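Trainee: Sequence and computational prediction follow.
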Amino acid sequence: MFWKTDEPHGLPRDPFKSCVIPRPIGWISTIGADGVANLAPYSFFNGVSGDPPMVMFASGARSPDAPKDSIHNTEQTGEFVCSMVSYELKDTMNDTSVAYDAGVDEAAHLGIEMEPSALVKPMRVKAAPIHLECTYFGTMDLPADRNGAGNAICVGRVVGVHIRDEFLKDGFVDVEKIRPVARLGYMDYTSVQEVFTIMRPEVKSAAE
């Protein structure tokens, strides 16, 4: 099939979010200028640079009247933390996806244990295998969607990384033990259960 994205596709659900998969989940913790903490998952999340290390997360339903807490808090305070979602944490992560009223501390409300960060004020999910402490770099506002609410990308610079020792094996991150969770679109998710290595090929001369 082919469809122009500004026209109806005729399917039961919009397939676009299943066309760019799997997408890692950024479990973003922030603190607002009022001191209230926030914890929410974002499947539009990824690393965007290795040197310096930088990440982004994006959200919809952003408007001057109803800004998304995570981006709004980051813009106000200049900091956020991304906690990696392991398979064991999938249900806890999903619990924080509820659209709670502004001012609700999801971690406290749900009884999720948090712990202090080393360089930034937002707390991190204690049970998560990896945490990225970030400082705010900038926001890119994107076009408004069909509902009139805008979208935005928030970019941060990673200034500190925590890796729990039990998830390191011979000096490498043990992905198969962590089983990171990723989004597949619709209400579908997956986790890493198989890892394979492909070495980058070397440049060969024309004479070879």
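Mentor: Received, thanks. Numbers count the residues shown, from 1 in each chain.

Trainee: contacts, neighbours, all on C-alpha from now
Mentor: Will do.

Trainee: after the helix-or-strand element of the chain with minimal mean pLDDT comes which helix or strand?
Mentor: Using mean pLDDT, DSSP states H and E, strand 53-62 stands out as the lowest-scoring helix or strand of the chain, at a mean of 87. Downstream of strand 53-62, the first helix or strand assigned by DSSP states H and E is helix 69-77.

Trainee: Just list what that following helix packs against, helices and strands only.
Mentor: The helices and strands touching helix 69-77, judged by 3 or more C-alpha pairs under 8 Å, 6 or more residues apart in numbering; DSSP states H and E, are strand 26-31, strand 37-42, strand 130-142.

Trainee: Quick one: list the elements packing against the following helix or strand past it.
Mentor: Where DSSP H and E defines the elements, the next helix or strand beyond helix 69-77 is strand 79-84. Applying 3+ C-alpha pairs under 8 Å, 6+ apart, one finds that strand 79-84 makes contact with strand 26-31, strand 124-125, strand 130-142.

Trainee: who touches strand 79-84?
Mentor: For strand 79-84, contacts defined as C-alpha atoms under 8 Å, 6 or more residues apart in numbering pick out 25-31, 74, 120-125, 128-136, 156, 180.

Trainee: Export the helices and strands packed on helix 69-77 to JSON lines and append columns for mean pLDDT and mean neighbour count.
Mentor: Shown next, in JSON lines, are the helices and strands packed on helix 69-77 (pLDDT from 0 to 100; neighbours: other C-alpha atoms under 10 Å):
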{"stretch": "strand 26-31", "mean pLDDT": "97", "mean neighbour count": "27"}
{"stretch": "strand 37-42", "mean pLDDT": "96", "mean neighbour count": "24"}
{"stretch": "strand 130-142", "mean pLDDT": "96", "mean neighbour count": "19"}
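
Trainee: now those in a markdown table, with distance to residue 176?
Mentor: Below are those laid out as a markdown table (distance: least, C-alpha to C-alpha, whole Å):
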| stretch | distance to residue 176 |
| --- | --- |
| strand 26-31 | 18 |
| strand 37-42 | 22 |
| strand 130-142 | 14 |
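
Trainee: Select, out of the ones you listed, the one closest to residue 99.
Mentor: Residue 99 lies closest, by C-alpha to C-alpha, to one member of these: strand 37-42, at 9.2 Å.

Trainee: tell me the angle of that closest one relative to strand 53-62?
Mentor: For strand 37-42 against strand 53-62, the angle by axes from the mean of the first three to the mean of the last three C-alpha atoms, to 10 degrees is 90 degrees.
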